[in-house]
Structure formats: structure tokens, C-alpha cells
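Asker: Task: produce atomic coordinates for the following.
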Amino acid sequence: MSNKQFSGLSFSLPWLITFVLFWLFPLGYSFVIGFTDYQLLSKSFEWIGFDNYVSLIEDPDFISALKNTFIFVFGTIPITTVIALLLALLLNRSFTGRDFFRAGFFMPSITSMVVVALIFTNLFQRGGYIAMLAEMIGFSPPVNGFL
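Answerer: Numbers count the residues shown, from 1 in each chain. Just a heads-up that it's a prediction; the model follows:
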């Protein structure tokens, strides 16, 4: 193995180890468990073949959930993609306030979820801003806050 190949492998090794441990192994293990009668608190399991999948396909709740998932996916993805494309085309044109709207669309991708969570916690906690506004209007906020 040349020095160049060793360097490439050594840089790739952390990603490969993480990929195998946290993606490939759980995927393979879940596939094997799907063909067994696995009990979480028991160390033993029985090989039952396709019985789990047959019972899943015969379950009306699963069929209903699968149908709802397909309706949701095929009903929302094309519509949201078209809306996003139209908004992108609109914001690519020159008009007054274009930079303001561009910043508004870009802001969610740069705002940290931690910051958003802290802001909403401050807003809705006991004695927070929403509770103070509710008191100013004449409403009595919940004792433990809104969360």
C-alpha cells in the first residue's frame, strides 16, 4: 500500500467506522430481526420467516397508514416543489424589497434550532413574554406557563 493510499484510507476510516456502526449494522440487524419472533427483554428468538410481513400486509391499520403516507407524499412534494420554484423565479427578478424577501427565505437555514428553542421557551414559560401580554390584556395565564 502506497503512502497516498494509506493517507486516503486513514482520512476515510473515521467516516467508514461511523457508517458501519450506526447505519450498516443497524440496517442489517433490523433486516434479520424482521424474520424472527424477537422479544426485547428475552435473549432468545425464533425464526418465523415472512410471518411478520404477512401479518403486516393483512393489518388494515397498516394499509390505511401506507395509503395516507402515499397521499401525503405525492400530494405535498409536487405542490411544494412547484411553489418553491415559482418563489425562486420571482425572487430572481428585480423589484423593490427583493433583498428583504431573500433574507426572509434564507433566515431559517442559518438560524440555529437551539436559539429558536430558547426564544420560544422564553416566550411561553411562566412569567414569559406571552404570559405578560396575556395579563396586560386581562387574561390569566396558566400557572405553569404555556409549555
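
Asker: Look through this protein and tell me its longest helix.
Answerer: helix 60-91 (DSSP state H).

Asker: Quick one: list the elements packing against that helix.
Answerer: helix 98-110 (3 or more CB pairs under 8 Å, 6 or more residues apart in numbering; DSSP states H and E). In short, each C-beta sits where N, CA and C put it, glycine included.

Asker: Can you list phi and psi of the residue nearest the centre of the chain for me?
Answerer: Nearest to the geometric centre of the chain sits residue 113, at 12.6 Å (CA atoms, centre = their mean). Main-chain torsions, residue 113, degrees, to the nearest 10: phi -60, psi -30.

Asker: Where does residue 145 fall, secondary structure wise?
Answerer: Under the criterion DSSP states H and E, no helix or strand holds residue 145.

Asker: That one - how many residues pack around it?
Answerer: By the criterion of other CB atoms under 10 Å, residue 145 has 15 neighbours.

Asker: How much space separates it from residue 120?
Answerer: For residue 145, the distance to residue 120 (CB to CB, to the nearest Å) stands at 11 Å.

Asker: same deal with residue 127?
Answerer: 15 Å.

Asker: Who has more neighbours out of the two?
Answerer: residue 120 (14 against 10).

Asker: tell me the pLDDT at that one?
Answerer: We have a pLDDT of 87 for residue 120.

Asker: What of residue 133?
Answerer: For residue 133, pLDDT reads 88.

Asker: and the nearest residue to residue 143 once chain neighbours are set aside, how many neighbours?
Answerer: Leaving out its chain neighbours, the residue that sits closest to residue 143 by CB to CB, 6 or more residues apart in numbering is residue 126, at 7.2 Å. Taking other CB under 10 Å as the criterion, the count of residues near residue 126 is 12.

Asker: got it, and the one 5 residues further on?
Answerer: Burial of residue 131 is recorded as 19 neighbouring residues (other CB under 10 Å).

Asker: ok, now the one 3 residues further on?
Answerer: For residue 134, the tally of surrounding residues (other CB under 10 Å) stands at 15.
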